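> Model the structure of this input:
(2 chains)
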Number of protein chains: 2
Amino acid sequence: MDQLLRVHCFNLSRDGFGAGENQSLERPFGHADPGDMFAWAGATASWPNRTDPGGTRGLDDYFTRDFARNIGAEIMGRNKFGPQRGPWRDRQWRGWWGDEPPFHTPVFVLTHHERPSFTLSDTTFHFLDAGPEEALERAKAAAKGKDVRLGGGATTIRQFLDADLVDTMHIAVSDVELGSGVRLWQSPEELLDRFHLEVVPSPSGVRHHLFWRR
Amino acid sequence: MDQLLRVHCFNLSRDGFGAGENQSLERPFGHADPGDMFAWAGATASWPNRTDPGGTRGLDDYFTRDFARNIGAEIMGRNKFGPQRGPWRDRQWRGWWGDEPPFHTPVFVLTHHERPSFTLSDTTFHFLDAGPEEALERAKAAAKGKDVRLGGGATTIRQFLDADLVDTMHIAVSDVELGSGVRLWQSPEELLDRFHLEVVPSPSGVRHHLFWRR
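Take a look at the predicted model:
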């Protein structure tokens, strides 16, 4: 089977923003409250960052458990990797995730400012100054036949959508309004010319949006 | 993590029957029409018996793709394995699934009439005259740390529920009425003393019932 490019468990506000404004070290999602956005995922048994046993195994868990299934690499934008902009002033920065990042595969960070690769546990971060096509080619080679996850943020997903490279997307729309920030869409209907869409309301309050190519 | 006993993609009629009456070689589900019951699953990209590419990747596909995830063995009742009852008259019978059964693990068939194990492709069928506890113990050992799928039919699932051995269940309730047959429940509410339940309607018309232990 072909290698797919898949978006999983990407959170969006009701008004279409993946993060708020003014991202900083203290506020990775800017003025958005990550508790509001991600509570549905953190409650599930399969949440990759879960440290204690337990958690729900209902509908939401089907989405968190699919995060790693048959994934061989991730592509992310630089703003998902960290709060710095421009040339790297601090190469000590190794992502938000501590010594055990939840990716467990090669990760390609898109940036105009390359720096040496490094490895934390079973995740290796590579820094790539490349457009979507070239980045996907590199990630597919690293994924060794498995699929590639497109990790976000919204601007990065938008770039890959505009290049028509995305095969499937799971977008969880939370019932919060941000007013401004990093926008993925005005409305999911923008994508219906190229994608099937099913909208599945969850008992947790999020509405799961499932896209796959027409 | 513990090894779970999981029911996946088990189909039920609106009135609680997993199969109709009078199972035969020609009608594995008795008077029930498998087309009515399983159409939702057959339409998905991840349906294990799919031979052509394509298929949907919406909600229903999350359930068919979970069929094999982290499964190391299956337990099934004899009536899922074949239409014969009593002592084996025909040992040539090797299941409904041809030379490439969709299980890809050891399968334990519960029967009072044991016969030698045999292997088809990467599935090995064992025949076991045992109660639920012993069968589960055997299957867990064979699963080498992975979970065990409880494959049905309804009578077999009922036995394992009565022994309180089931950890999670995905039951897809189709919008058909059978009137009689092999019953799983009068109502899913019977199980609410021991399980959480989420009911998720799918655009395909089935209602996915997701159970996990309280």
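> roughly how far apart are the residue lying farthest from the centre of chain A and residue A:83?
Here the centre of chain A is the reference, and by Cα atoms, centre = their mean the most remote residue is residue A:89, at 24.9 Å. From residue A:89 across to residue A:83, the span is 11 Å (Cβ to Cβ, to the nearest Å). Just so you know, the C-beta spots here come from the backbone N, C-alpha and C atoms, and that holds for glycine as well.
> And the pLDDT for the closest residue in space to residue A:102 that isn't next to it in sequence?
Distance criterion Cβ to Cβ, 6 or more residues apart in numbering or on different chains; nearest residue to residue A:102, sequence neighbours excluded, is residue A:48 at 3.8 Å. On the pLDDT scale, residue A:48 is placed at 85.
> So what's the residue count around residue A:48?
16 (other Cβ atoms under 10 Å in any protein chain shown).
> Setting aside sequence neighbours, what's the nearest residue to the residue nearest to the spatial centre of chain A?
Closest to where the C-alpha atoms of chain A average out (Cα atoms, centre = their mean) is residue A:151, at 2.6 Å. Nearest in space to residue A:151, with sequence neighbours left out and distances taken as Cβ to Cβ, 6+ apart, is residue A:76 at 3.9 Å.
> Name the SS class of the one you found, please.
strand (DSSP: H, G, I helix; E, B strand; the rest coil).
> Quick check: bridge partners of it?
Counting by DSSP bridges, residue A:76 is bridged to residue A:109.
> For chain A, list the residues in contact with chain B, please.
Taking Cβ under 8 Å from any Cβ of the partner chain as the measure of proximity, chain A contacts chain B at A:1, A:45, A:53, A:56-59, A:62-63, A:65-66, A:69, A:168, A:196, A:198, A:200, A:202-203, A:208, A:210, A:212.
> Please list the members of those residues that lie in helices.
A:59, A:62-63 (DSSP state H).
> Could I get the contacting residues of residue A:85?
Contacts for residue A:85 (Cβ atoms under 8 Å, 6 or more residues apart in numbering or on different chains) come out as residue A:78.
> Check it and give its pLDDT.
Looking at residue A:85, the pLDDT reads 89.
> Please, a PyMOL command that selects the buried ones among the residues of chain A next to chain B?
Applied in PyMOL, the following selects the buried portion of those according to 16 or more other Cβ atoms under 10 Å in any protein chain shown:
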select buried, chain A and resi 45+56+57+58+59+62+63+65+66+168+196+198+200+202+208+210+212
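> The residue nearest to the centre of chain A and residue A:119: what is the separation?
18 Å.
> chain center to the helix-or-strand element of chain A with minimal mean pLDDT: distance?
Lowest mean confidence among the helices and strands of chain A (mean pLDDT, DSSP states H and E): helix A:34-42, at a mean of 88. Computed by Cα atoms, centre = their mean, to the nearest Å, the chain-centroid distance of helix A:34-42 equals 14 Å.
> what's the nearest residue in space to residue A:43 that is not next to it in sequence in contact with, if anything?
Here the nearest residue to residue A:43 in space, its sequence neighbours aside, is residue A:56; by Cβ to Cβ, 6+ apart that works out to 5.4 Å. By Cβ under 8 Å, 6+ apart, the residues touching residue A:56 are A:43-45, B:196, B:212.
> Next step: those residues restricted to strands.
B:196, B:212 (DSSP state E).
> quick check, nearest of the contacts of residue A:56 to residue B:134?
Taking Cβ to Cβ as the measure, residue B:134 lies nearest residue B:212 of the contacts of residue A:56, at 24.5 Å.
> quick one: the nearest residue to the closest one once chain neighbours are set aside from residue A:104, how far?
Counting by Cβ to Cβ, 6+ apart, residue B:212 lies nearest to residue A:57, which is 3.6 Å off, once chain neighbours are set aside. For residue A:57, the distance to residue A:104 (Cβ to Cβ) stands at 22 Å.
> what element comes up after the longest helix seen in chain A heading to the C-terminus?
Looking across chain A with DSSP H, the single longest helix is helix A:132-143. Under the assignment DSSP states H and E, the closest C-terminal helix or strand after helix A:132-143 is strand A:147-150.
> for that following strand, packing partners?
When contacts are defined as 3 or more Cβ pairs under 8 Å, 6 or more residues apart in numbering or on different chains; DSSP states H and E, strand A:147-150 packs onto strand A:5-12, strand A:71-77, helix A:132-143, helix A:154-162.
> From the rest of the structure, what touches it?
A:3-8, A:67, A:70-76, A:136, A:139-140, A:156-157, A:160, A:166.
> so who does the residue nearest to residue A:95 when sequence neighbours are not counted touch?
In this structure, residue A:95 finds its nearest non-sequential neighbour in residue A:81, 5.6 Å apart by Cβ to Cβ, 6+ apart. Contacts for residue A:81 (Cβ under 8 Å, 6+ apart) come out as A:95-96, A:109, A:111, A:125.
> Highest neighbour count among those?
Using other Cβ under 10 Å as the neighbour criterion, residue A:109 leads the contacts of residue A:81 with 24 neighbours.
> Would you quantify the distance from residue A:156 to residue B:32?
For residue A:156, the distance to residue B:32 - Cβ to Cβ - is 48 Å.
> What is the neighbour count of the closest residue to residue A:21 other than its chain neighbours?
Nearest residue to residue A:21, sequence neighbours excluded (Cβ to Cβ, 6+ apart): residue A:30, at 4.8 Å. Burial of residue A:30 is recorded as 19 neighbouring residues (other Cβ under 10 Å).
> Same check on residue A:206?
For residue A:206, using other Cβ under 10 Å, the count is 25.
> ok, now residue A:88?
Residue A:88, neighbours per other Cβ under 10 Å, totals 15.
> Which pLDDT value belongs to it?
90.
> returning to that earlier point: looking at it, the residue nearest to residue A:102 is touching residue A:68, isn't it?
Yes - the pair residue A:48 and residue A:68 qualifies as a contact (Cβ atoms under 8 Å) at a distance of 6.8 Å.
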